[in-house]
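# Just the structure for this:
(chains A, B, C and D)
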Amino acid sequence: MPPEKPERFDQVDWTEYANPTGWQRSTNTRYFLYSTVPVLALGLYDWLVVGPREATFVRLGADLGLSGPFQMIGLTHDPAGIDYLFVGTLLLFVWYLLVPLYQNPRMTRYYWTRFKRNRPALGGLGWLFLVFAGGLIGPFVLNTPSQDILTAHQPPAFTSVDEATVPLCVGEVENGRCYGTWEHPLGTDNTGRDVFSSIIHGMTISMQIAFITTSVVAVIGVSVGTVAAVSGGWVDEGLMRVVDIVLSFPTLPFYLLILYSFGASLSMFILVFALFAWGGTARYVRSKALSVSEAEYINESRLSGASTSYIIRRHVIPNTASSIITQLTLLIPVFLLAEAQIAFLGLGDSDVPSWGQLIAAGRTDLAFAPWIVLAPGIALFLTILAFTFVGDALLDALDPEAKTEADR
Amino acid sequence: MRYYRYIGTRVLWAFVVAFIIVTITFVLLSMSPDPSIQQAATQAALEGGDPQEATDRQEKLRGLDEPLHVRYIDYMTGIATLEWGWSEYRNQPVTKALWGSLYYTAQYSIPWTILTLLFGPLIGVYSAARMYSWKDHVVTGIAFLGFSIPNFFFAIVLLLVFGVWLDWVPVAYRTDVPVVSLENAIQLALPVFVLVTGSIGGILRVARNESAEFQNADFMKTAKAKGVSPLRAYAYHVMRPTLVPLSTTVVGQLLAMFLGASLLVEVVFGIPGLGRTTFDALVAQDTNLVLGSVLLFTVIGVIGNLIEDIVFTIVDPRISYDDR
Amino acid sequence: MTETPVLSVRDLKKHYPITKGILSRQGGVAKAVDGISFDIYPGETFGLVGESGCGKSTVAEAIVRLEEPTDGEIIVNPHGDSPENGTVDQKATTDAGWAAIDRLQSLIHRVPGIGRTASSADEADPRDVTQFDSQQLKAFRRDVQLLLQDSSTSFDPRMTVGAAISERLAIHGMAGRAQRRTIVEDLLERVGLSATDYDRFPHEFSGGQLQRIGLARALVLNPDLLIADEPVSALDVSVQAEILALLEDLQEEFDLSVLFISHDLSVVRQCCDRVGVMYLGQLVEQGKTEGVFTHPQHPYTEALVSSIPTPDPRDSLEEIELTGDVPSPENPPRGCRFHTRCHRIIQPEGVEIPQSEWRALRTLAIKIEQGRIDPDAVVASVVSMEPAPTAPTAVTPSQFDRQLRSEHDVPAPVSDPALEAALTDAIDALYDRDPERARSVLEALFRTPCITDDPDTVTVDDGHVSKCHLR
Amino acid sequence: MTDDPNAPLLEVEDLSTSFRTDSGRLVAVDGIDFTVEAGETVCLVGESGSGKTVASESITRLPNSPPARIDGSVRFRGVDLFECSDTDLRQYRGNRIAHIFQNSQLNHCYSVGWQIVEAIRIHEDVSKTAARARGIDLLERVGIPNASSRFDDYPHEFSGGQKQRIMIAMALAGNPDLLIADEPTTALDLTVQAQLVRLLAEIQSEFGMGILLVTHDLGVVAEIADRVVVMYAGKIMERGDVFDIFERPAHPYTQALLDCLPERANASGGIPGSLPDPTARPEGCRFADRCPHTLEACRTGGQPPELEVESGHHASCIYYGQGYDVSVVCDGQGESDDCDGQDESDNRDSTDVSKDRERVSEANKR
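Numbers count the residues shown, from 1 in each chain, chains lettered A, B, ... in the order given. Next up, the predicted model:
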């Protein structure tokens, strides 16, 4: 370093600057890595130390000598593998989406004003925020709904059913009709589980599916797509042929085959669907990356001496990101729907209280207790609708081509 | 000439894809425990026999004692020669069972596909022409609703309303009515409606977005300056280029719908088609039939993608056959 | 000129392989740039002109090795012989830059060159860009900068312009964020913008402003040579003038050499000291701007210069019309590359017919030789001309002959009886669907140096060279 | 909608076109008048953002409405096109008034033959074969080699210059009385440009049509124009015949524009400043902010009326009105007969805007 820094470009003596070879990881990547360490550590601890029937946090509390405080704040949970994955993808989401948005307030504001114009999407975003918050906080606040055959088929608040359909009416009974109560705002199902808290727990499942599958699809799709676009030649050809196969894969029937052979579980569902859903994303990312890498600013950057990996990270991926995000947003409903379908067929993981599971459970009682089907059905419908609306608005708000259209 | 060679390559490639997917199913099956063997073992144990012996017998019966590559070759030749085994659950050859169910699936799939392909692009282009008017909002709103409402849920609700409460349609599907008859049309109305609402939204949306781009394209100005009427301009100059991007998504969307939603819809409406057969086979643990239907879905998927490729080459004159 | 050139391009070639079919068989090469040589001296502006597709942009890309040159040498001499008006610290800078390259050159044999054989590296000039390894290339790319035509696409839409400029400094190792910002803000002001523009995004600027920013970005590493590829083509004439004036000022201030690539001859004439004219990957003429424009030596230059529209309504355009299309660089014509369109093409010995007739005849002959005439299409157009429906088989040879000649403006008969006989013969052969015979008949007849021999580059006067048989 | 063959070919009066945008109303064309006669070439000159393209397209109401709003009147052989129904207007488009655009805007999905046949068959009830034969004729006329075999090729198989020729062929399909060519040669090579300009001139002498050429390329203007209309920021700055404009430019904007040309002796370094914001145009003369001769009076009121400089040569600049020293804006324009309209304008007894307007439109009709 020179003692006094030149302040004009023609005074710079370039020999004094060491020729940097490697590029430092960006700050966000560093923070992301730091923040995954505790999650990984806890996961390892869970895997190696905690017994199969022990709740992780109870054991952790005991090991750390903090059982008291842990109990006090209600930290007695036993996260499963999928929960660790979920937290990991959430961190990905925070460090690579939320923080960059915060760091670029001008751009964020610009996109936000464009996004805001789409009212339904704004509503959709609100609903998604509710689902997200509910899914994240709900399980810590509400207990897993317990079965009680006596309180089965309770009607939702403000409605009533014939007393005969209810084994034991929790609320008031007037004129032979059982009225709903706030104890079960959305009523109960045929085993007496509270529909409202089932839906809240279903939110967790939905969010897990949404975040994990999308992250896996994003990681595989973006890597394959950019590698194919950047390498070209036979690498490109080969990868695109793989994509062809992935795209031709009949995922749902194939999942049924797997399920038939290995049994059902939510992780298996996420795995199979994520592994066979990235084809479209990869193809899309490739075409976007190709068109971006034809842009002159890529050449400009290369000419200034930037390495290929630098260009990919700083120019190609940021410029394809908006299209990728849009595409992924529109992919999420597909996963949610698939899970619900499988659960509805009774082929899902019966331990997982998903919305599809609830719809399936209520189907036989549809004629006299429609809320069991309607409540989760509408929740599912709204969520898918919200994702679709948001995706559509993002398409308009983030697409640079649409931008020129609007500015014209 | 180059065109036919291109098509030839694509057909060949479709076979390769099918081959690879079938191989994957084989790997999967050979990795997993066969339910029928376990069943035999349990049966033997319950009946006081030797479970091990029963397992071996069952394995021999199914040819599982052979070395892996022999089994693989047998498997592949069996599939290639359409000898897909015997369905224990249906008590008939798998191919025959599938063929029989395909008959029912086709009855609602064909009208559904035709309706979707006909109305999706039309409404999409119409909606783009009236962009941001209330008509457009209504159309896109309905498209979004149809697209977002889970099909099986929608089917249940519709069946409840029209079947149970209003009693306009039969609740149980009847296989004894003639294909071309009012009864059949009535009982297929709901499934077709559910599927069309589900699939038309996506196609409509692509058609709307793409044609919105084309209706402001430069060549539309040329067409207008030539004195082309708006109707003709939309029918020829907007519709045609819209078909290019549309052709790349339509097949995918219909296939996804076919593989997923039709299964659900068949289960809900009780149509003894492919989806229902697959489901029943799964429940009845009929390996051959499950495998057979997965294979059939694979074949349909591969053919669908092939059609997509070919349609794309037909609609886009700019495609270079050397590039792909 | 006795100075050392900043850049010497020697016999530069860039051939693109053309692949065909799914197995990517190589089906020939497109000779985008086929052996061109020129020098650029310190402080001068060298113009490279030509029609689109002549390979002029490929030259730029090959020089900075955005495209790997197929053959040839590109010798750089970053410090050149700095003229006296160079500032002291600038001289220090460039000297130091050169020292860095010297140091790096000692590494050249340790780091194997990319895509280059070691044997050729042994004899090669150490300053040859085509032999540089990645380290040298990076240093070289500091000294040579490219300014592109369309600034609206040459900026990352998601980066502020300040970040886009200071990115260059960071890539070359300047880590201090504040220092980078100071330098860039100073530079923005010097190209006529304000320091506060640092935080604005490209879409907030007009085309002319963006071209200024592009200039700032190209200058930020203090290069010796600026390659400007159509820098003002996308701009309005008033903005064009502004940018050119700015470029001139900056060139003087920082002693820049400029390689100015453009298809706009009036701009080139205005701002270049010397100019090279490209046609189909070759330099057909080169010399001082005034010399080339006032006394063009090559027929192609002549045609180009005559096509410049003059903003004087009394001076009506009497340009030389170039017939035919630019041939494909994949299969350039034998002999002189321009002979397929040349209006001064030399007639064969013993033939003397009007030049326009000769030209039309040649154009038709070339098409027949290249098999580009489809007899069936000619028959079809005869049929479509007939008032009554006619069967294609009913078309007579004379109808065929007439149609073919009228489509190509060839008179009937041609003034020279020998040529007329040969042409009739060839057309008859075509009518009989015997293109081989047609070709051989014509080939035997047209023997002129333009078609058979590649012309040498001839010096006309001081530094003015032309590649034509006529000189 | 019967034409009056004695009426002027095209009369544009007080044409305004504005667009609804997010940042307010964008007035692209702000009340302009001009005429085009049969057989003459009028050039509408201006830089990007001057509104010249929008003005040319508004003649046949091409901009979509909304967002565009087009006011004023356009009379074609005496018929007011803006009073026509859409159906009637379509009888004019392509048939009587043809357009050519920049970058040959052909539909990539159809063969060029299909598009030419469409253009023919929209206005004429002819068989497909007949239309095809005529299409091939037209392609040959505009210089497409092997027209018959290339008739069924797609636009992407042609070069830029050839596509523009095809556009011209398509424009000729209806044998139009007026050809509106919007930057037909921009973005093409000089040699191709020259060929196209020549082709346009040839066609004009052959078909005797009026041409309205919209361009920013003054070289092309000098080549082909009979009369020139200079636009800046939606307003007309100056009009006159081509010699007036190039030899005795009256308006400071025209002078500055010509000085930007590298070929001119006193070439300048561009025009300082930038176009006024199209959504909020300033008071007074549009060019006041960039004009070297701006007075206080230039910044008040609207755009000055078009004042006569000499017969048939008008400039929208207050210096040509009474009480201003016209030599200020005429200095240094080289030729001695500069501003010879000076006396005339000084002698005028009226600064009445409406009279001036009348005079302008009279001059135009002539």
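
# From now on I want contacts and neighbour counts done on CA atoms only, so please keep to that.
Fine.

# what's the neighbour count on the residue in the stretch 201-350 of chain D positioned nearest to chain B?
Across the stretch 201-350 of chain D, the shortest distance to chain B (C-alpha to the nearest C-alpha) belongs to D:L212, at 14.5 Å. The local packing of D:L212 (other C-alpha atoms under 10 Å in any protein chain shown) involves 25 other residues.

# Show me what counts as buried in whichever strand or helix holds B:I73.
B:I73 belongs to helix B:68-80 when elements are defined using DSSP states H and E. Going by neighbour count (16 or more other C-alpha atoms under 10 Å in any protein chain shown), the buried part of helix B:68-80 is B:R71, B:Y72, B:Y75, B:M76, B:I79.

# Likewise for stretch C:441-457?
C:V441, C:L442, C:F446, C:P449, C:C450, C:I451, C:D454, C:P455, C:T457.

# neighbouring contacts of it?
Here stretch C:441-457 makes contact (C-alpha atoms under 8 Å, 6 or more residues apart in numbering or on different chains) with C:284, C:333-337, C:339, C:345-349, C:365, C:369, C:419, C:422-423, C:425-426, C:465-469.

# Of the residues you listed, keep whichever come out buried.
C:284, C:333, C:335-337, C:339, C:345-347, C:365, C:369, C:419, C:422-423, C:425-426, C:465-469.

# Pull the helix or strand A:Q71 falls within out as PDB, backbone CA atoms only.
Taking DSSP H and E as the definition, one finds A:Q71 inside helix A:67-72. Provided in PDB are the C-alpha atoms of helix A:67-72 (Å, rounded to 0.1, in the frame of the first residue of the first chain):
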ATOM      1  CA  SER A  67     -33.000 -27.700  32.300                       C
ATOM      2  CA  GLY A  68     -34.700 -25.100  34.500                       C
ATOM      3  CA  PRO A  69     -34.500 -22.200  32.100                       C
ATOM      4  CA  PHE A  70     -35.300 -24.500  29.100                       C
ATOM      5  CA  GLN A  71     -38.400 -25.800  30.800                       C
ATOM      6  CA  MET A  72     -39.400 -22.300  31.700                       C
END
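
# what element comes up after it heading to the C-terminus?
Per DSSP H and E, the first helix or strand lying C-terminal to helix A:67-72 is helix A:81-93.

# Contacts for that next one next, please.
By C-alpha under 8 Å, 6+ apart, helix A:81-93 touches A:F32, A:S35, A:T36, A:V39, A:L40, A:G43, A:Q208, A:F211, A:I212, A:S215, A:S267.

# In it, which residues are buried?
Buried residues in helix A:81-93, counted by 16+ other C-alpha under 10 Å: A:I82, A:D83, A:Y84, A:L85, A:F86, A:V87, A:G88, A:T89, A:L90, A:L91, A:L92.

# what packs against the helix or strand just after it?
Going down the chain from helix A:81-93, the next helix or strand is helix A:99-103, by DSSP H and E. Judged by 3 or more C-alpha pairs under 8 Å, 6 or more residues apart in numbering or on different chains; DSSP states H and E, the packing partners of helix A:99-103 are helix A:105-116.

# Do the helix it packs on and chain D come into contact?
No: taking C-alpha under 8 Å from any C-alpha of the partner chain as the criterion, helix A:105-116 and chain D are apart, separated by no less than 11.0 Å.

# chain center to that helix: distance?
When distances are taken as C-alpha atoms, centre = their mean, to the nearest Å, helix A:105-116 is centred 22 Å away from the chain's centroid.

# ok so, going back, go through the buried residues of helix A:81-93 and name the one nearest chain C.
A:L92 (20.9 Å).

# Quick one: the strands in the chain, in order.
By default, I'm working from chain A. Using DSSP state E, the strands found in chain A span residues A:160-162, A:173-174, A:177-179.

# actually it's chain C I care about, not the one you picked
Under the criterion DSSP E, chain C contains strands at C:7-20, C:25-40, C:45-49, C:71-76, C:144-147, C:225-229, C:257-262, C:274-279, C:282-288, C:458-461, C:464-466.

# before we move on, back to that, and the buried ones among the contacts of stretch C:441-457, which of them are in helices?
C:A365, C:E369, C:L419, C:A422, C:L423, C:D425, C:A426 (DSSP state H).

# ok, for the last one, nearest residue in space, not its chain neighbours?
Nearest residue to C:A426 in three dimensions, chain neighbours excluded: C:A438, at 4.1 Å (C-alpha to C-alpha, 6 or more residues apart in numbering or on different chains).

# Hmm, C:K367 and that neighbour touching each other?
No: if you go by C-alpha atoms under 8 Å, C:A438 and C:K367 don't touch, sitting 10.9 Å apart.

# Let me see the contact set for the residue of the stretch 1-150 of chain A at minimum distance from chain B.
Nearest residue of the stretch 1-150 of chain A to chain B: A:P120, at 9.8 Å (C-alpha to the nearest C-alpha). Counting by C-alpha under 8 Å, 6+ apart, A:P120 touches A:F389.

# what does C:D462 give?
Contact analysis of C:D462 by C-alpha under 8 Å, 6+ apart lists C:G287.

# Count the residues that sit near the residue in the stretch 151-300 of chain B that chain D sits nearest to.
Across the stretch 151-300 of chain B, no residue is closer to chain D than B:K226, which sits at 3.9 Å (C-alpha to the nearest C-alpha). Per other C-alpha under 10 Å, the neighbour tally for B:K226 reads 31.

# what does A:L358 give?
A count of neighbours around A:L358, defined by other C-alpha under 10 Å, yields 26.

# Tell me the pLDDT of the spatially most central residue of chain A.
Ranked by distance to the mean C-alpha position of chain A (C-alpha atoms, centre = their mean), the top residue is A:F211 at 1.7 Å. At A:F211, the model reports a pLDDT of 88.

# residues in contact with it?
So A:F211 contacts A:F86, A:T89, A:L90 (C-alpha under 8 Å, 6+ apart).

# So which of the residues you listed is the closest to C:A60?
Checking those against C:A60 with C-alpha to C-alpha, the nearest one is A:T89 at 45.4 Å.
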